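Undergrad: Predicted model and sequence follow; I will ask about them next.
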Amino acid sequence: FQKEAILLSRTQLTHTPWKDLVAPLETIPIEIYEQGIACLADYLTGCSYSQNRKNALIHGATEFQLFLYCNGLCFSIEIAEAWLEFRHPFWTRQEFYSSHRAVHLVHEFLMGKQITPSFLHRDRRKYHIHEILERYVLDYIDYRKHECLKPSSISMIHSACCRFLRFIESLGIRDISRLTPRIVKEFNLQDHHSTIEGKQAYNSRIRDFLYYLATKNLVPMSLYLALPTMVARKEGIVTVMTSEQQAAIESQLSSYQNTNLAKRDNAVVALGCELGIRGIDIVALQFSHIDWEKEVLRFRQRKTGVWITVPFTTKVGNALYTYITEARPESASPYVFLSSKAPHKNMGSSICRDGIARIMKKSKLPPVTGFHITRKTFASRILMAGTPFSTISDLLGHSDNTTLKVYLATHEPEIRQCAMALKGLEYRGGLL
């Protein structure tokens with residue numbers, strides 16, 4: 001690729017944007033960039049990247065270094081972006097992403113930033129709004145971050161606010177003080193969601209945003225009232241796994257698995273089905289949460305913040321032990337469940353959903369409706385076994401028994417006793 005770099009520098013330089021970028025930019029000497037490549041190589045080795053993946057990233061960073069050398073340029077991320085954009089048509093998709101990641105990773109090393117190897121350095125924003133309007137959102141986000149909200153909550157707030165501001169920008173409004181109740185109502189009428197719950201969730205966050213703007217004297221104090229958020233509470237029958245689906249999981253947990261992925265699936269699904277633990281708590285499980293001698297798990301629930309102590313069964317203990325000793329990547333991370341690919345880090349709760357989906361597919365059964373069904377099935381099963389409500393609440397980590405009422409509908413023998421006899425109400429005809 002040295003020939004490629006020289007050819008590009010001599011024949012294409014006058015037709016590319018980086019020549020105009022060089023003068024006003026603050027650049028880094030190419031020798032320092034070379035040191036960044038060496039740091040990248042050490043980092044990839046320390047994160048247990050495969051040799052092929054490591055070679056691909058180093059190749060992308062080195063190719064850009066040759067381009068800089070052949071053109072007598074110093075490093076800057078702006079020149080790198082222009083070069084990547086120009087070279088994009090000549091690469092495969094994988095080659096482009098490898099070079100893109102490599103150059104940005106080196107830049108992060110040189111700038112002393114936090115390394116984000118799994119981030120492709122692309123703009124993933126769902127809604128794009130003018131920088132004047134975006135400033136209001138960013139100020140509001142900074143204000144809400146003091147409440148120690150989770151990243152998912154912050155993302156939801158940002159998405160809802162940008163959705164609203166994109167609408168007012170489509171009306172040609174960039175001055176927030178021009179907002180009126182009529183504009184807010186027009187937004188609400190045209191803002192469609194797939195579910196009522198989704199619309200209410202967005203409206204609730206937009207109302208909070210409008211109230212924040214009012215406290216800054218940017219909009220009228222009563223403006224947020226123009227956006228309704230109330231909706232009738234919906235009660236539904238709890239859905240649990242069928243007997244066939246439960247039998248498939250039982251068979252999976254009882255048999256030996258050959259692959260690391262299947263061993264991880266066993267451990268994850270066992271925690272959900274046998275103990276009723278939420279997916280977000282499973283992926284956040286750490287070694288310090290496991291007491292092997294007392295055979296209990298003690299952790300703080302991510303959803304409620306309440307500490308819970310749960311005794312685990314032999315089946316769960318064996319599944320965890322098998323995964324940790326045979327399938328878990330070697331890492332000093334405190335988390336039990338790690339990604340199988342480098343860099344090995346704790347994963348999102350989607351691995352729980354995907355794990356149970358693979359078991360259903362392997363057993364040729366219909367897929368389940370999310371991983372949370374394991375928690376519902378666990379609660380329903382121990383309820384039908386005659387377990388007291390107080391014990392079930394403790395095992396699920398609930399603060400009281402009221403949330404367990406929905407599970408009564410799954411106890412078919414008890415529900416049948418509630419049926420009213422029709423004796424004395426027989427139809428005799430003659431009404432028509």
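TA: That came in fine, so what should we check first?

Undergrad: Checking the residue nearest the centre of the chain next. Helix, strand or coil?
TA: Residue closest to the average C-alpha location in the chain (CA atoms, centre = their mean): G348, at 5.8 Å. Using DSSP: H, G, I helix; E, B strand; the rest coil, the three-state assignment for G348 comes out as coil.

Undergrad: show me what contacts it?
TA: V283 (CB atoms under 8 Å, 6 or more residues apart in numbering). C-beta here means a position set from N, CA and C on the backbone, and glycine is covered the same way.

Undergrad: Check which residues of stretch 68-88 are buried.
TA: 68-71, 73-77, 79-84, 86-87 (16 or more other CB atoms under 10 Å).

Undergrad: just how off-centre is that stretch within its chain?
TA: 33 Å (CA atoms, centre = their mean, to the nearest Å).

Undergrad: Stretch 195-202 too?
TA: The answer for stretch 195-202 is 19 Å, by CA atoms, centre = their mean.

Undergrad: same check, this time on stretch 195-214
TA: 21 Å.

Undergrad: For that stretch, which outside residues touch it?
TA: 136-137, 140, 143, 156-157, 159-161, 163-164, 176, 179, 184, 188, 191-193, 219-224, 227-231, 234.

Undergrad: Extract the CA atoms of that stretch and return them as PDB.
TA: The C-alpha coordinates for stretch 195-214 follow below in PDB (Å, rounded to 0.1, in the frame of the first residue of the first chain):
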ATOM      1  CA  THR A 195     -48.300   2.700  21.300                       C
ATOM      2  CA  ILE A 196     -50.200   5.000  23.700                       C
ATOM      3  CA  GLU A 197     -47.600   4.200  26.300                       C
ATOM      4  CA  GLY A 198     -44.800   5.400  24.000                       C
ATOM      5  CA  LYS A 199     -46.600   8.700  23.200                       C
ATOM      6  CA  GLN A 200     -47.200   9.300  26.900                       C
ATOM      7  CA  ALA A 201     -43.600   8.700  27.800                       C
ATOM      8  CA  TYR A 202     -42.400  11.200  25.200                       C
ATOM      9  CA  ASN A 203     -45.100  13.800  26.200                       C
ATOM     10  CA  SER A 204     -44.100  13.500  29.800                       C
ATOM     11  CA  ARG A 205     -40.500  14.300  29.100                       C
ATOM     12  CA  ILE A 206     -41.400  17.200  26.800                       C
ATOM     13  CA  ARG A 207     -43.600  18.600  29.500                       C
ATOM     14  CA  ASP A 208     -40.700  18.600  31.900                       C
ATOM     15  CA  PHE A 209     -38.500  20.300  29.300                       C
ATOM     16  CA  LEU A 210     -41.100  23.000  28.700                       C
ATOM     17  CA  TYR A 211     -41.400  23.500  32.500                       C
ATOM     18  CA  TYR A 212     -37.600  23.900  32.700                       C
ATOM     19  CA  LEU A 213     -37.700  26.500  29.900                       C
ATOM     20  CA  ALA A 214     -40.400  28.300  31.900                       C
END
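
Undergrad: any idea of the mean pLDDT for the strand or helix carrying C161?
TA: C161 belongs to helix 151-170 when assigned by DSSP states H and E. Averaging pLDDT along helix 151-170 gives 90.

Undergrad: Of all the residues in it, which ones are buried?
TA: For helix 151-170, by 16+ other CB under 10 Å, it's 156-169.

Undergrad: Please tabulate the residues you listed in CSV, including the columns distance to R353.
TA: Listed next are the buried residues of helix 151-170 as CSV, based on distance: CB to CB, whole Å:
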residue, distance to R353
M156, 19
I157, 24
H158, 24
S159, 22
A160, 24
C161, 28
C162, 27
R163, 26
F164, 30
L165, 33
R166, 31
F167, 33
I168, 37
E169, 36
